[in-house]
Structures are given as structure tokens and as C-alpha cells.
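Asks: could you work out the structure for the sequence below:
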Amino acid sequence: MDITIYTDGASRGNPGPGGFGTVLLYGQYRKEISQGFRLTTNNRMELLAVIIGLEALKKPGMNVTIYSDSKYVVDSVEKKWIIGWLKKGFKDKKNKDLWLRFLEVYKQHTVKFVWIKGHNETPENERCDRLAVAAALDTPNLLDDTGYIMEAKSANLF
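Replies: Numbering: from 1, shown residues only. The predicted structure is shown next:
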């Protein structure tokens, strides 16, 4: 049986508080995961939603279809940009920490990405959006996105 994962990320400001939402579907089973962060970007949350979905899989070798409204994530993988970035050590690329984490879990499965238009009444994508936005607004439970903080400091953003 195949696994279907829907993902979405959100940020209130870019950078700003952000969150991700992930819905995993396997036969009759469903799992929803979300988390918010104090300071992050939309692209980081879009990518983290995918990573968390793949990391939630208990067995390697699964056939996975990931639905995302993020051209950044989908095109980076499907157009194989990530391969060139890896060869160049992610020189001048953002989110190296997350892309390396993604590659570790991505290689454990057979993964296909499908881009879907956001806010297009796709029920599971809409659910992921609501999860991501709610997580970004969950002020008392926001985590630090240490990868973003380290990247921003090295770029002298703060």
C-alpha cells in the first residue's frame, strides 16, 4: 500500500513566526502533525513539513506521494536542482541544514512530488494550511528554529 502525504508551511512575516502542517494517509489510517516556530521563513516551513512527514514513516522502502503547494520544494526535487546544490556544497543556497536532513530521509523511500495549487479547495491541503497557521499562532508553544537562527547570524541578518 502507498503512503500519501500532504504538506503546507506558513509564516507571519518572512521571516516571522511560522509553522507547518502535515497529513499522512495510509489506507484507513491518518496522522496529522504540526509545530510552530518563533522566527523562521515560509520556505523553511514548507520544506520542514515534507521532512517531518517522511520522518514519521516507520519502515524504509515505502512508495510515497507528496502533495505540496510549494514550487520551491517540488521544483527543487523534481527538477533535480538539489543535486547541483549538493555537488556545490549548497554554496549561496539557503536552508542547507534542512536540505541535508531531507536528503537523508528522502533516500530511504521512493518519493514522488505533486505540485497542487494552494487555496484551491483541495481538502487535505486546506487542512494542512489550517494546521500550519494555527501552529504559527500558538505563541506559548513556539520553538526556536535553530537552523534559521544560525543561518541568519552567519549572514549578519542579526
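Asks: mind listing what's buried in the host helix or strand of P17?
Replies: Assigned by DSSP states H and E, P17 belongs to strand 16-26. Within strand 16-26, the residues that count as buried by 16 or more other Cβ atoms under 10 Å are P17, G18, G19, F20, G21, T22, V23, L24, L25. Just so you know, the C-beta spots here come from the backbone N, C-alpha and C atoms, and that holds for glycine as well.
Asks: could I get the residues you listed as JSON lines with distance to R127 and pLDDT?
Replies: Shown next, in JSON lines, are the buried residues of strand 16-26 (distance: Cβ to Cβ, whole Å; pLDDT from 0 to 100):
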{"residue": "P17", "distance to R127": "20", "pLDDT": "98"}
{"residue": "G18", "distance to R127": "18", "pLDDT": "98"}
{"residue": "G19", "distance to R127": "13", "pLDDT": "98"}
{"residue": "F20", "distance to R127": "13", "pLDDT": "98"}
{"residue": "G21", "distance to R127": "7", "pLDDT": "98"}
{"residue": "T22", "distance to R127": "10", "pLDDT": "98"}
{"residue": "V23", "distance to R127": "6", "pLDDT": "98"}
{"residue": "L24", "distance to R127": "12", "pLDDT": "98"}
{"residue": "L25", "distance to R127": "11", "pLDDT": "98"}
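Asks: quick check, nearest of those to R38?
Replies: Nearest to R38 among the buried residues of strand 16-26 is P17, at 6.0 Å by Cβ to Cβ.
Asks: so who does the closest one touch?
Replies: S11, G36, F37, R38, L39, T40, A136, L137, T139, L142 (Cβ atoms under 8 Å, 6 or more residues apart in numbering).
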